[in-house]
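K.L.:
model the structure of this input:
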Amino acid sequence: MKRRSFLTTATLASAGLTTLLVTGCTSSTKKNEDSVPLGDSNQAFELDEETIGSLREKLTSGKYTSEQLVQLYLKRIEAVDKNGPQLNSVIEINPDAVTIAVAMDKEMMAGKIRGPLHGIPVLIKDNIDTADKMQTTAGSLAMAGNIALKDAFVVKKLREAGAVIIGKTNLSEWANFRSTQSCSGWSSRGGQTKNPYILDHNPCGSSAGSGTAVSANLCVVAIGTETDGSIVCPASVNGIVGIKPTVGLVSRSGIIPISKTQDTAGPMARNVTDAAILLGAIAADDQDDAVTLESKGKAHKDYTTFLDANALKGKRIGIEKKPQGDNKYINALLNDAINILKKQGAVIVEIDYFDKINAFGQAEFEVLQYEFKDGLNSYLATANAKVKTLKDVIDFNSSNEDKAMPYFKQETLESSNAKKGLDDKKYLEALAASFEGSKSVLKAVFEENKLDAICGITMGPACSIDMIYGDRWGGYSLTSPAAASGYPHITVPNGIVYDLPVGLSFFGTPYTEGELIGLGYAYEQASKKRLKPAFKPSFI
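P.N.:
Below you'll find the model as predicted:
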């Protein structure tokens, strides 16, 4: 979740949740004397900007095997993530990746093709259970050694689709629900992930590693998770596509939780097509996650059927009439986007909704604290971890403060642990205000204006990394409305300011992922705003 901005503003009774970005953190990764010079890190990579489709063609033609693809991406991770610019986005490599790839190659040779993801290397976030040799820690040293006994449902679907999980990505520790002074993309286990465009800038979070890895071509696609902004924010500031599905479209079972009301996993990719393919692979109902049963008959096995370059024609797109901020360069990007939308046949409708949603910010934070305590205690009770409760995590951090909390502390963990159960009146009141209130506001706006989607700048450009004072994000953020209500949200690249990417968001009513994918694809094809990262050392 773009939690840092969110937590700070919510704590101040202002209301702007987002997923977690970082300002000014220093990487814990030590410089390797043999590391590749920064100037070499952006040289041509054999699989640079490849797509699922292009790799599928190369696998089919025999130009590559899945084993070769995996080896190439692992070498890329070693050269760019662990050495060179040291992006520090991958927290752990899957020791079985090559073996799995070989098995997928054998299936292909036998004429068995599971689908478009067969043999394709994928990275997943380190809060998602894998019943293999990799740990699942949410970036926390307190969770070190936690080897899951069962695959998360999302992982099960990826394996069924033939994807090769080559590793796990770093994240904002506890999905950025540890401190109001956190630095996004930092975890006590994984250190600080960097933004590949300007290395001393924040990759946002909490799906920081997934966003950076996809942008820097360390994989084709990745899985992130979001509570409030944790997919769309790192997608936006890393110049890629991110989809935050309707809560209930994608299972959360086997994912370390924050909120049963707002949590979801989702795809992160360099283009809308790949994100659509990945969403189709993981969207399914799961008996272990009751909310997914609401998606029966609403999910699609193939979201690529919605890819239409003319999808914007005749669509009514809402734009908040109150400026999101006063930066002329960012506003120019939005104005340019609006002009593109109009040229593609969209009808732009000025609306007034953002202040109403923001008014629920404190209630949202209240809900998340209650649900985090309840959900995490349930997860830890059966996990293969040393800690069995949120209180155990807090005690571990306090006893290992120099390693676990060298910068910011754990006041959000502590305030969450102080909450009562989910039958508490304060929780129920906050839930009604935040979740039901947000849905009511958006439902009215969509219906009264006959909108197909609401659009705006996803997030301003990345702030600098700052471990001392934490994230400092500007006024541009469109993560909270869709997050608090559980509505679907897609962000696509929308240009560069200050050498840093900015995304454009479309969000809609529940289970309209297909329509949003169509809008995002049409905008992407008309604008072509994705620009590869340059691994610039610093802003100055």
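
K.L.:
contacts and neighbour counts: CA atoms only from here.
P.N.:
Fine.

K.L.:
E107 and H118 touch, don't they?
P.N.:
No. Using C-alpha atoms under 8 Å as the test, E107 is too far from H118 to be in contact (9.3 Å).

K.L.:
for the two, indicate the residue with more neighbours.
P.N.:
In this comparison of E107 against H118, neighbours counted by other C-alpha atoms under 10 Å, the higher total goes to H118 at 25 against 16.

K.L.:
in the stretch 401-540 of the chain, which spans are strands?
P.N.:
Using DSSP state E, counting those that start in this stretch, the strands of the stretch 401-540 of the chain run over residues 453-457, 489-497, 500-507.

K.L.:
if you could redo that for the stretch 101-250 of the chain, that was the one I meant.
P.N.:
According to DSSP E, counting those that start in this stretch, the strands that the stretch 101-250 of the chain contains are 121-125, 164-169, 186-187, 191-192, 221-226, 241-244.

K.L.:
what's in contact with the last one?
P.N.:
So that's strand 241-244. With contacts defined as C-alpha atoms under 8 Å, 6 or more residues apart in numbering, strand 241-244 is touched by 225-226, 231-232, 235-236, 264-272, 275, 488-493.

K.L.:
and for the first one?
P.N.:
Under the contact criterion C-alpha under 8 Å, 6+ apart, strand 121-125 has outside partners 66, 69-70, 73, 163-171, 207, 209-210, 219-225.

K.L.:
tell me which stretches of the stretch 351-500 of the chain form helices.
P.N.:
All helices of the stretch 351-500 of the chain, identified by DSSP state H, counting those that start in this stretch, fall at 354-358, 361-382, 390-399, 401-404, 411-417, 425-431, 437-449, 480-485.

K.L.:
how about the first one: buried residues?
P.N.:
In terms of neighbour count (16 or more other C-alpha atoms under 10 Å), helix 354-358 has its buried residues at 354, 357-358.

K.L.:
okay if I get those as JSON lines plus distance to D395 and pLDDT?
P.N.:
Compiled in JSON lines, the buried residues of helix 354-358 are given as follows (distance: C-alpha to C-alpha, whole Å; pLDDT from 0 to 100):
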{"residue": "F354", "distance to D395": "39", "pLDDT": "92"}
{"residue": "I357", "distance to D395": "36", "pLDDT": "93"}
{"residue": "N358", "distance to D395": "34", "pLDDT": "90"}
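
K.L.:
tell me the one among these nearest to E524.
P.N.:
Taking C-alpha to C-alpha as the measure, E524 lies nearest F354 of the buried residues of helix 354-358, at 24.9 Å.

K.L.:
in the sheet, who's paired with the residue nearest to that closest one when sequence neighbours are not counted?
P.N.:
Nearest non-adjacent residue to F354, counting by C-alpha to C-alpha, 6 or more residues apart in numbering: E320, 6.9 Å away. On the basis of DSSP bridges, E320 is bridged to I351.

K.L.:
do you know how far E320 is from V237?
P.N.:
If you measure E320 against V237 using C-alpha to C-alpha, to the nearest Å, the figure is 21 Å.

K.L.:
returning to what we had before: got CSV for the strands of the stretch 401-540 of the chain, with mean pLDDT and mean neighbour count too?
P.N.:
Listed next are the strands of the stretch 401-540 of the chain as CSV, based on pLDDT from 0 to 100; neighbours: other C-alpha atoms under 10 Å:
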stretch, mean pLDDT, mean neighbour count
strand 453-457, 98, 24
strand 489-497, 98, 27
strand 500-507, 98, 28
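
K.L.:
and of those strands, who's closest to A131?
P.N.:
Nearest of the strands of the stretch 401-540 of the chain (C-alpha to C-alpha): strand 489-497, 29.9 Å.

K.L.:
what lies in contact with the closest one?
P.N.:
Contacts of strand 489-497 (C-alpha under 8 Å, 6+ apart): 232, 235-236, 239-246, 271-272, 329-330, 333, 337, 458, 461, 482, 501-508, 513, 516-517, 520, 524, 527, 529-531.

K.L.:
which of those residues are buried, as a PyMOL select command?
P.N.:
Filtering the contacts of strand 489-497 down to the buried ones (16+ other C-alpha under 10 Å) takes a single PyMOL command:
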select buried, resi 232+235+236+239+240+241+242+243+244+245+246+271+272+330+333+337+458+461+482+501+502+503+504+505+506+507+508+513+516+517+520+524+527+529+530+531
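
K.L.:
would you reformat the strands of the stretch 401-540 of the chain as CSV and include distance to S538?
P.N.:
Shown next, in CSV, are the strands of the stretch 401-540 of the chain (distance: least, C-alpha to C-alpha, whole Å):
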stretch, distance to S538
strand 453-457, 24
strand 489-497, 15
strand 500-507, 11
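
K.L.:
for the strands of the stretch 101-250 of the chain, give me a markdown table that also has mean pLDDT and distance to L47.
P.N.:
Formatted as a markdown table, the strands of the stretch 101-250 of the chain follow (pLDDT from 0 to 100; distance: least, C-alpha to C-alpha, whole Å):
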| stretch | mean pLDDT | distance to L47 |
| --- | --- | --- |
| strand 121-125 | 99 | 12 |
| strand 164-169 | 99 | 15 |
| strand 186-187 | 98 | 28 |
| strand 191-192 | 98 | 26 |
| strand 221-226 | 98 | 13 |
| strand 241-244 | 99 | 18 |
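
K.L.:
I'd like these as JSON lines, with distance to K391 appended.
P.N.:
Formatted as JSON lines, the strands of the stretch 101-250 of the chain follow (distance: least, C-alpha to C-alpha, whole Å):
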{"stretch": "strand 121-125", "distance to K391": "24"}
{"stretch": "strand 164-169", "distance to K391": "26"}
{"stretch": "strand 186-187", "distance to K391": "19"}
{"stretch": "strand 191-192", "distance to K391": "23"}
{"stretch": "strand 221-226", "distance to K391": "24"}
{"stretch": "strand 241-244", "distance to K391": "30"}
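
K.L.:
can you say which of those strands is nearest to K388?
P.N.:
K388 lies closest, by C-alpha to C-alpha, to one member of these: strand 186-187, at 19.8 Å.

K.L.:
could you list the paired strands of the closest one along with their orientation?
P.N.:
In the sheet, strand 186-187 lines up with strand 191-192 (antiparallel) (DSSP bridges).

K.L.:
list the contacts of E411.
P.N.:
Neighbouring residues of E411 by C-alpha under 8 Å, 6+ apart: 178-180.

K.L.:
how close does it get to S182?
P.N.:
Distance from E411 to S182, by C-alpha to C-alpha: 10 Å.

K.L.:
do T99 as well
P.N.:
38 Å.

K.L.:
neighbour count winner among those two?
P.N.:
Set T99 next to S182 and count neighbours by other C-alpha under 10 Å: S182 wins out with 33 against 14.

K.L.:
out of the contacts of E411, which sit inside helices?
P.N.:
Nothing among the contacts of E411 maps onto helices, per DSSP state H.

K.L.:
just the residues you listed now: which is nearest G314?
P.N.:
For those, the nearest to G314 is T180 (42.8 Å; C-alpha to C-alpha).

K.L.:
that closest one and S415 touch, don't they?
P.N.:
No. If you go by C-alpha under 8 Å, T180 and S415 don't touch, sitting 10.9 Å apart.

K.L.:
more neighbours: the two, which one.
P.N.:
T180 (23 against 15).

K.L.:
pLDDT at that one, what is it?
P.N.:
pLDDT, T180: 94.

K.L.:
need the pLDDT of V393.
P.N.:
So V393 comes in at 98 (pLDDT).

K.L.:
that one is in contact with V387, isn't it?
P.N.:
Yes. Contact status for V393 versus V387: in contact at 6.0 Å, counting by C-alpha under 8 Å.

K.L.:
who's in contact with the residue nearest the centre of the chain?
P.N.:
Central residue of the chain (C-alpha atoms, centre = their mean): I231, 2.1 Å from the mean position. Listed by C-alpha under 8 Å, 6+ apart, the contact set of I231 reads 1, 19, 205-207, 211, 224-225, 242-244, 266, 268.
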